[in-house]
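**Q** What would the 3D arrangement of this be:
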Amino acid sequence: MRLSNSLLVHPGLAILFATSSLAHSPSQVLLPKPTGKYHVGLSIAELIDSSRTQPFLQDIEPIKLMISVFYPVSHEHHTSPVPYMPPETALIEDNYLSSDIYGLASPNGTFEKVALQLVDGEHLTSKDSCEEEQEYPLIIFMPGEGTTRLFYSQIASTIASKGYTVVTIDAPYDVDVVQYTDGSFAFFNFTLWNSTDQETALAIANLAVETRMGDVSFVLDSLSNKTFAQSLIPNLPSSGLNTTHTAMFGHSLGGVTAYSILEVEDRILGGLNMDGSLVGPGVFGSPNGTSKPFMLMGHAGHNLTSDDPFPVSSWAIAWSELTGWKRDIEVADTGHYDFSDYPIVFEKLGITPTNQTILDKVLIGSMKGERALETVTTYVGAFLDFVIRGKSSDLLDGPVKEFPEVTFNY
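**A** Below is the predicted model of the structure:
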């Protein structure tokens, strides 16, 4: 693994390091190659925002973020295995998902086997991965509460292969684990998040969404620095990365952030919420809605009339405040985590649960892993094409025969 020199990006410090390829081994488990027009490269960086302090710690500490940047690469280059996650993080996930909480058969070494099929960024030059300095629009992604951004890397790389630069952002202390460049960790704050008091839980969720919104804006500010952006993306044109014409999608609390940020961040033109029960700014307490395009994507049974966690139908409240283009789709045979990499990773590892009790614990449905990946990335891609490129699609107008699992609730 290579560590570069530090780069100062006002108002924080950005540290870049590149992923390294895995050695080939018989036990290696390769996830599918991204299916779009392009191969995909990956850079990983740590960002420190010294202008804000971490709200989920008693000690004063600046907010430290880890991001993954997936960018399109010419098919002239060969793909190679790239670790799905660092070995230390993989071991933590092994223990977590094989615990009594979930009961999956994932002994030590399970997730360390998993690899993405990407192009090694160390072998790219400025013209190798971007024909005629073509600009690839920037897309922001945030994960669900309690789930590392790394469990969405297959989805992110698939979207990147469609011609987008996709940046996934971890939110320390409300995802399960964040591993920093120096080997230290930030773990999920169970003390805060396990509150049984409804008012306290809602206040924590609001704070988490507000913090994530600040994280997104800080990442956009950082990527506006040409030197920093070019250190992450070797194929970037001399003009740098366009951070003023972006879109955002997210899962669960990440999807909530994609909604709440729309009216406070002019650089984000539209948002997509994958199965997140909407809380936070813009929903409860101070509804402001948006005229920007917004899409709700729910698991089986999760729609405008069934989303009532507090117990108010937050999707219905948000829906009434959406004054522009909007869609609500529901995907049959899915659970909450079918909008992550869980289905495809578990399927490739051969640990896909079949016992209904375990399925319910892991929150995935009966849809096969590759089909879940195809469905999610196809509809996310169609939405992004509409928002960023103005491209219409029958997929967004109603049911299509290619995806009978998808129904429209609008």
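**Q** part of a strand, is E93?
**A** No: going by DSSP: H, G, I helix; E, B strand; the rest coil, the assignment for E93 is helix, not a strand.
**Q** Run a quick check on it versus M85, I expect a contact.
**A** Yes: assessed by Cβ atoms under 8 Å, E93 is found in contact with M85 at 7.0 Å. The C-beta positions use only the backbone N, C-alpha and C, and glycine is treated the same way.
**Q** Please enumerate the shared neighbours of those two.
**A** Taking Cβ atoms under 8 Å, 6 or more residues apart in numbering as the contact rule, E93 and M85 both touch F111, T148.
**Q** what helices or strands is whichever strand or helix holds S157 leaning on?
**A** Using DSSP states H and E, the element containing S157 is helix 153-160. Secondary-structure packing of helix 153-160 (3 or more Cβ pairs under 8 Å, 6 or more residues apart in numbering; DSSP states H and E): strand 39-53, strand 62-73, strand 114-118, strand 138-142, strand 165-169, helix 369-389.
**Q** Of all the ones you listed, which one comes closest to T257?
**A** With Cβ to Cβ, the closest approach to T257 among the helices and strands packed on helix 153-160 belongs to strand 138-142: 5.3 Å.
**Q** about what we covered before: would you list the helices and strands packed on helix 153-160 in CSV and tack on mean neighbour count, mean pLDDT and distance to T196?
**A** Below are the helices and strands packed on helix 153-160 laid out as CSV (neighbours: other Cβ atoms under 10 Å; pLDDT from 0 to 100; distance: least, Cβ to Cβ, whole Å):
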stretch, mean neighbour count, mean pLDDT, distance to T196
strand 39-53, 21, 96, 27
strand 62-73, 24, 96, 28
strand 114-118, 24, 97, 35
strand 138-142, 28, 98, 26
strand 165-169, 28, 98, 29
helix 369-389, 21, 98, 32
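**Q** Need these in JSON lines (columns: distance to I317).
**A** Listed next are these as JSON lines, based on distance: least, Cβ to Cβ, whole Å:
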{"stretch": "strand 39-53", "distance to I317": "29"}
{"stretch": "strand 62-73", "distance to I317": "29"}
{"stretch": "strand 114-118", "distance to I317": "38"}
{"stretch": "strand 138-142", "distance to I317": "21"}
{"stretch": "strand 165-169", "distance to I317": "26"}
{"stretch": "helix 369-389", "distance to I317": "21"}
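**Q** Provide the count of other residues in contact range of P83.
**A** Residues lying near P83 (other Cβ atoms under 10 Å) number 22.
**Q** That one contacts K113, correct?
**A** No: P83 is not in contact with K113 according to Cβ under 8 Å; the separation is 9.6 Å.
**Q** shared neighbours, the two?
**A** Contact criterion Cβ under 8 Å, 6+ apart; no residue bridges P83 and K113 by contacting each.
**Q** And the nearest residue in space to F386 that is not next to it in sequence, how far from R327?
**A** In space, F386 comes closest to L396 once its chain neighbours are excluded; the distance is 6.1 Å by Cβ to Cβ, 6 or more residues apart in numbering. Taking Cβ to Cβ, to the nearest Å as the measure, L396 falls 6 Å from R327.
**Q** Let's verify the residue lying closest to T53 once chain neighbours are set aside: helix, strand, or coil?
**A** Take T53 and drop its neighbours on the chain: the residue closest to it by Cβ to Cβ, 6+ apart is I60, 5.5 Å away. When classified by three-state DSSP, I60 comes out as coil.
**Q** Can you check which helix is longest in this structure?
**A** For the chain, the longest helix by residue count, based on DSSP state H, is helix 198-223.
**Q** Now it: buried residues?
**A** Neighbour-count burial for helix 198-223 flags 201-202, 204-206, 208-223 (criterion: 16 or more other Cβ atoms under 10 Å).
**Q** ok, the closest residue in space to G301 that isn't next to it in sequence - contacts?
**A** Distances taken as Cβ to Cβ, 6+ apart put E330 closest to G301, at 7.5 Å, once the chain neighbours are dropped. E330 makes contacts with G298, H299, A300, G301, H302, N303, V406, T407, F408, N409, as judged by Cβ under 8 Å, 6+ apart.
**Q** Show me what the second one is bridged to.
**A** H299 has the following beta-bridge partners by DSSP bridges: V331.
**Q** and it, how many neighbours?
**A** Neighbourhood size, H299 [other Cβ under 10 Å]: 22.
**Q** quick one: it and W193, what's the gap?
**A** 21 Å.
**Q** now swap in the third one and tell me
**A** Counting by Cβ to Cβ, the gap from A300 to W193 is 26 Å.
**Q** Show me the shaky parts of the stretch 201-350 of the chain.
**A** The stretch 201-350 of the chain contains residues with pLDDT under 70 at 280-288, 307-313.
**Q** can you map out the helices along it?
**A** With DSSP state H, counting those that start in this stretch, the ranges of helices along the stretch 201-350 of the chain come out as 226-232, 253-260, 314-321, 342-349.
**Q** can you redo those helices as JSON lines with mean neighbour count and distance to P172?
**A** As requested, the helices of the stretch 201-350 of the chain are exported to JSON lines (neighbours: other Cβ atoms under 10 Å; distance: least, Cβ to Cβ, whole Å):
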{"stretch": "helix 226-232", "mean neighbour count": "18", "distance to P172": "20"}
{"stretch": "helix 253-260", "mean neighbour count": "29", "distance to P172": "13"}
{"stretch": "helix 314-321", "mean neighbour count": "19", "distance to P172": "25"}
{"stretch": "helix 342-349", "mean neighbour count": "22", "distance to P172": "21"}
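**Q** quick one: which of these is nearest T244?
**A** Between T244 and the helices of the stretch 201-350 of the chain, the shortest separation by Cβ to Cβ is 13.1 Å, and it involves helix 226-232.
**Q** name the helices or strands packed onto the closest one?
**A** Helix 226-232 packs on strand 7-9, strand 12-18, strand 39-53, helix 198-223, going by 3+ Cβ pairs under 8 Å, 6+ apart.
**Q** For Y152, find the nearest of these.
**A** Between the helices and strands packed on helix 226-232, strand 39-53 lies closest to Y152; by Cβ to Cβ that is 12.9 Å.
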